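Colleague: Predicted model, plus sequence, below.
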Amino acid sequence: MPTATGGAPGAGDSAGAESRAEMMTKRNLIASLFLIGFALLAGCRAAPGPEAPESPSPAPVETPAPATPSPTPEPDPVEEALSTMTTEEKVGQLLIAGFYGTQAGEEVRSYIQDLHVGGVILYGRNVESAGQLLELTNGLKALAGDGIPLLISTDQEGGLVERMPPEVHRLPNAYDAPDPAALGRARRTLPPLRRGDIQYIRAEGGVLAFTRTWEGDTVLCAANGGGEPARLELPGSWADLDGMVTHPARRDTGLARIDLPPMTGLLLRRLPTP
């Protein structure tokens, strides 16, 4: 009969169960230690802080363009002269004085240098010959010095009123014209001569010429006060005040040649362009 070698019945099973439980406890302990270690490692790592905001890129600085310097105004010689004048000198510039004698003597010297007159007027009593007149006018200008130029004038109307010496070309008497009243009638009948826009024409010598235009109607006024013939060349064809074409335009240039003898004047009317 077999003999039992163990202890009380179930004792071996109990011992094995305890052994297995102890092993599981060690395993759980080791696993816990690993978990705690990983947790500690995770805790020791620097916690991510808030991300620093990106620095904004600096705005481009626009370099201002160099300022354009304002142009320096040119000095006005008239204003400069007026700024240095006394009230007496300014009033004197408004006056023109006559005097006696054919030389720049004490009387006219006082007018120019003491009273500061702006000009003088010459009459027959001041004129003997061309040479004497030249010497007189140069003496008058010398009295004025380097200040405001002296205005030298004369009463020279032509006809009965002649102040210049014999060497100067005589002016015709207005009553010697074929029709001395023509200019007055033209002014009354031609609106451009009363209210038209004026445009001066460049001319040489003693020629004064200009046109006046009103509502498309153009009138030419031209006079040659010199001693030599003169010529104007103007666009278009021109007629006298009666409507007769006297200066037609040339086909090659479209310009009319208008000749002016010495000491003459004329009035012409431009024909409408066809």
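Modeller: Everything's here; your move. Numbers count the residues shown, from 1 in each chain.
Colleague: For residue 236, which non-adjacent residue is closest in space?
Modeller: In space, residue 236 comes closest to residue 270 once its chain neighbours are excluded; the distance is 5.0 Å by Cβ to Cβ, 6 or more residues apart in numbering. Every C-beta, even on glycine, is put in place using the N, C-alpha and C of the backbone.
Colleague: can you pull the contacts of the one you found?
Modeller: 211, 218, 219, 220, 236, 237, 238, 239 (Cβ atoms under 8 Å, 6 or more residues apart in numbering).
Colleague: which of these lies closest to residue 117?
Modeller: Residue 117 lies nearest to residue 211 out of the contacts of residue 270, by Cβ to Cβ, at 36.7 Å.
Colleague: any idea how far that closest one lies from residue 234?
Modeller: Here the criterion is Cβ to Cβ, to the nearest Å. By it, residue 211 lies 8 Å from residue 234.
Colleague: which neighbours do the two share?
Modeller: Taking Cβ under 8 Å, 6+ apart as the contact rule, residue 211 and residue 234 both touch 201, 220.
Colleague: all helices for the stretch 51-200 of the chain, in order.
Modeller: 77-83, 87-92, 106-113, 130-144, 182-189, 191-195 (DSSP state H, counting those that start in this stretch).
Colleague: Please work out which residues outside the shortest one touch it.
Modeller: Pointing back at helix 191-195 there. Outside of helix 191-195, the residues that reach it under the criterion Cβ under 8 Å, 6+ apart are 186, 187, 212, 213, 214, 215, 217, 218, 219, 221.
Colleague: Next: the fifth one.
Modeller: Residues outside helix 182-189 that contact it (Cβ under 8 Å, 6+ apart) are 193, 194, 219, 241, 267.
Colleague: ok, now the first one?
Modeller: Taking contacts as Cβ under 8 Å, 6+ apart, the residues outside helix 77-83 that touch it are 90, 148.
Colleague: mind checking how far that helix is from the chain centre?
Modeller: Relative to the mean C-alpha coordinate of its chain, helix 77-83 is positioned 21 Å out (Cα atoms, centre = their mean, to the nearest Å).
Colleague: pLDDT of it, averaged?
Modeller: Looking at helix 77-83 alone, the average pLDDT works out to 87.
Colleague: can you pull the buried residues of stretch 229-240?
Modeller: Buried residues in stretch 229-240, counted by 16 or more other Cβ atoms under 10 Å: 230, 232, 234, 236, 237, 238.
Colleague: For my notes, confirm the third one occurs in a strand.
Modeller: Yes - counting by DSSP: H, G, I helix; E, B strand; the rest coil, residue 234 falls inside a strand.
Colleague: Hmm, it is touching residue 260, no?
Modeller: No - with contact defined as Cβ atoms under 8 Å, residue 234 does not reach residue 260; the gap is 12.0 Å.
Colleague: which pair in the contacts of helix 191-195 spans the largest distance?
Modeller: Among the contacts of helix 191-195, the pair separated by the greatest distance (Cβ to Cβ) is 215 and 221, at 17.7 Å.
Colleague: and the two? which has more neighbours close in?
Modeller: Neighbour count, other Cβ atoms under 10 Å: between residue 215 and residue 221, residue 221 has more, with 19 against 8.
Colleague: Partner strands of the host helix or strand of the more buried one and their direction?
Modeller: Secondary structure assigned from DSSP states H and E places residue 221 in strand 217-224. Here strand 217-224 is paired, per DSSP bridges, with strand 207-214 (antiparallel), strand 264-270 (antiparallel).
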